[in-house]
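**Q** Show me the folded form of this:
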Amino acid sequence: VQKGFDCAMYRKYLSLLISACVLTACTGETTASVTSKTVPAEKITQIEAKVKKLYPDADTKLQHQIVDVAVESLESMVFIKGGTFMMGAFKVPCSPISTDRMDWSPDAKCNTDITNVKTGANFIHKVTLSDYSLANHETTFHGFDAFQRAHHRPVVKADIRDKYDLSDDEFKNLTTPTKTWQEAKDYCLWLGELTGYPVDLPTEAQWEYAARNRGKHLYYATNNGYLERKGDQHLVDGRYVDYTKDEWNIGSSTDLNQIKLYPPNPLGLYDMAGNVMEWMNDWYSEDYYQHSPEIDPQGPSSGTKKAMRGVGLTTSRASNAIVQEKYHLYNGFRCAVQQTTPVK
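**A** Numbers count the residues shown, from 1 in each chain. Next up, the predicted model:
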């Protein structure tokens, strides 16, 4: 009996030792605990083990940052029920009191913006999307720093940090700039590798559907469909009145690139109305809307530019060359989970 007991205890001890080595890579170090209200502890443990396996030579601080970024990426995912909508630049009232405060009606007859003609956004077409999830905020320096350091690359804008003696914490809630589309793509795929979910960039159709609160006729992706800019005014009973702090839903140029300063849209997505431009997964083509399939369109099969969304009207299209000359503060991105069930 004693021998059987000893064997059982030995097996239990060995199991605990193996588990500890999976989490610490048997280095004697432990990854600082990351807790979450929405991501299960066992999922966090899996992520920790993955980080140890992929980056055994990274110091404990960096490993912890990578785990923190991966867990937060799952916390930020908003599940969006798919559906059918008419994608494209729907009409606006011809003589609105303010283009910042427009309400759609079926008898609206005027075009929103001349650029929508040039980009092909005026071609309204039927799209049906499957369920998916979208990050509630744009990717920050904190996340992109972890990605860069994990791959032994310098952090973005390191010269500015050194010049002004700015800490990582001061960059934590700022959107990271990008120099290439591939950086954004690779970052999202990296999160997928860490978390085990199919993380990728969103498609143009997914972005517009979410910005319009599941395809509704909303001109701006704010909490109420209007632009109520910090420091601006609106007309009330024949006189201009300043927007109060409680009414602000979009920032001025002084707080550009800070995430979550203003209320999210009805789906819980922040900064869809104009923080930075966001890379889409799609190649860009001016006539794509005329050939787009109805079910889950992915964009053209090839091209020279990538689609971008995020500043101005919910239906406005833009594009950019996949490689830029420098890191642009206005070129950011957010990731999506390309599966039809919620992140758990």
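**Q** Now for Y243: which residues touch it?
**A** For Y243, the contacting residues are E228, R229, K230, G231, D232, Q233, H234, by Cβ atoms under 8 Å, 6 or more residues apart in numbering. Quick note: C-beta positions are derived from backbone N, CA and C, even for glycine.
**Q** Now with 7 Å, please.
**A** Residues near Y243 by Cβ atoms under 7 Å, 6 or more residues apart in numbering: E228, D232, Q233, H234.
**Q** Please, where are all the strands along the protein?
**A** For the chain, the strands defined by DSSP state E cover 77-80, 83-87, 125-129, 132-135, 178-180, 199-200, 233-236, 239-242, 277-283, 305-309, 318-321, 323-328, 331-332, 336-337.
**Q** any chance of those strands in JSON lines, plus distance to K37, mean neighbour count and mean pLDDT?
**A** Listed next are the strands of the chain as JSON lines, based on distance: least, Cβ to Cβ, whole Å; neighbours: other Cβ atoms under 10 Å; pLDDT from 0 to 100:
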{"stretch": "strand 77-80", "distance to K37": "14", "mean neighbour count": "21", "mean pLDDT": "98"}
{"stretch": "strand 83-87", "distance to K37": "28", "mean neighbour count": "16", "mean pLDDT": "98"}
{"stretch": "strand 125-129", "distance to K37": "28", "mean neighbour count": "19", "mean pLDDT": "98"}
{"stretch": "strand 132-135", "distance to K37": "17", "mean neighbour count": "25", "mean pLDDT": "98"}
{"stretch": "strand 178-180", "distance to K37": "30", "mean neighbour count": "20", "mean pLDDT": "96"}
{"stretch": "strand 199-200", "distance to K37": "20", "mean neighbour count": "22", "mean pLDDT": "98"}
{"stretch": "strand 233-236", "distance to K37": "37", "mean neighbour count": "12", "mean pLDDT": "83"}
{"stretch": "strand 239-242", "distance to K37": "37", "mean neighbour count": "10", "mean pLDDT": "88"}
{"stretch": "strand 277-283", "distance to K37": "27", "mean neighbour count": "24", "mean pLDDT": "98"}
{"stretch": "strand 305-309", "distance to K37": "30", "mean neighbour count": "23", "mean pLDDT": "98"}
{"stretch": "strand 318-321", "distance to K37": "36", "mean neighbour count": "17", "mean pLDDT": "96"}
{"stretch": "strand 323-328", "distance to K37": "34", "mean neighbour count": "11", "mean pLDDT": "93"}
{"stretch": "strand 331-332", "distance to K37": "26", "mean neighbour count": "24", "mean pLDDT": "96"}
{"stretch": "strand 336-337", "distance to K37": "18", "mean neighbour count": "26", "mean pLDDT": "98"}
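**Q** Generate a markdown table for these, with distance to D165 as supplementary columns.
**A** Converted to a markdown table, these look like this (distance: least, Cβ to Cβ, whole Å):
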| stretch | distance to D165 |
| --- | --- |
| strand 77-80 | 35 |
| strand 83-87 | 47 |
| strand 125-129 | 46 |
| strand 132-135 | 30 |
| strand 178-180 | 24 |
| strand 199-200 | 34 |
| strand 233-236 | 38 |
| strand 239-242 | 36 |
| strand 277-283 | 29 |
| strand 305-309 | 33 |
| strand 318-321 | 32 |
| strand 323-328 | 20 |
| strand 331-332 | 24 |
| strand 336-337 | 36 |
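**Q** pLDDT wise, what is I160 at?
**A** pLDDT, I160: 77.
**Q** please begin residue numbering at 52 from this point
**A** Yep, numbering from 52; the last one is I211 now.
**Q** in terms of contact, does D164 touch S367 like I think?
**A** Yes - using Cβ atoms under 7 Å, D164 is in contact with S367, at 6.4 Å.
**Q** Among these two, which residue is more densely surrounded?
**A** For D164 versus S367, the count of surrounding residues by other Cβ atoms under 10 Å is larger for S367: 20 against 17.
**Q** M153 touches V143, doesn't it?
**A** Yes - using Cβ under 7 Å, M153 is in contact with V143, at 5.6 Å.
**Q** so where's this structure shaky on pLDDT?
**A** Within the chain, the stretches with pLDDT under 70 are 52-83, 215, 217, 304-307.
**Q** start to end distance for stretch 146-161?
**A** In stretch 146-161, first residue to last residue: 9 Å (Cα to Cα, to the nearest Å).
**Q** Can you give me the buried ones in that stretch?
**A** By neighbour count on 16 or more other Cβ atoms under 10 Å, the buried set for stretch 146-161 is D151, R152, M153, A159.
**Q** Distance from the chain centre to that stretch, please.
**A** Computed by Cα atoms, centre = their mean, to the nearest Å, the chain-centroid distance of stretch 146-161 equals 29 Å.
**Q** and G133, how many neighbours does it have?
**A** Counted with other Cβ under 10 Å, G133 comes out at 17.
**Q** ok, now L320?
**A** Neighbours around L320, by other Cβ under 10 Å: 22.
**Q** That one contacts L185, correct?
**A** Yes - between L320 and L185 there is a contact at 6.4 Å, judged by Cβ under 7 Å.
**Q** hey, what's in contact with both of those two?
**A** With Cβ under 7 Å, 6+ apart applied, the overlap between the contact sets of L320 and L185 consists of V129, A261.
**Q** mind listing what the residue lying closest to Y339 once chain neighbours are set aside touches?
**A** Leaving aside its chain neighbours, Y339 sits nearest to P351 (5.5 Å; criterion: Cβ to Cβ, 6 or more residues apart in numbering). By Cβ under 7 Å, 6+ apart, P351 lies in contact with W334, S336, Y339.
**Q** Perfect, I'm done here.
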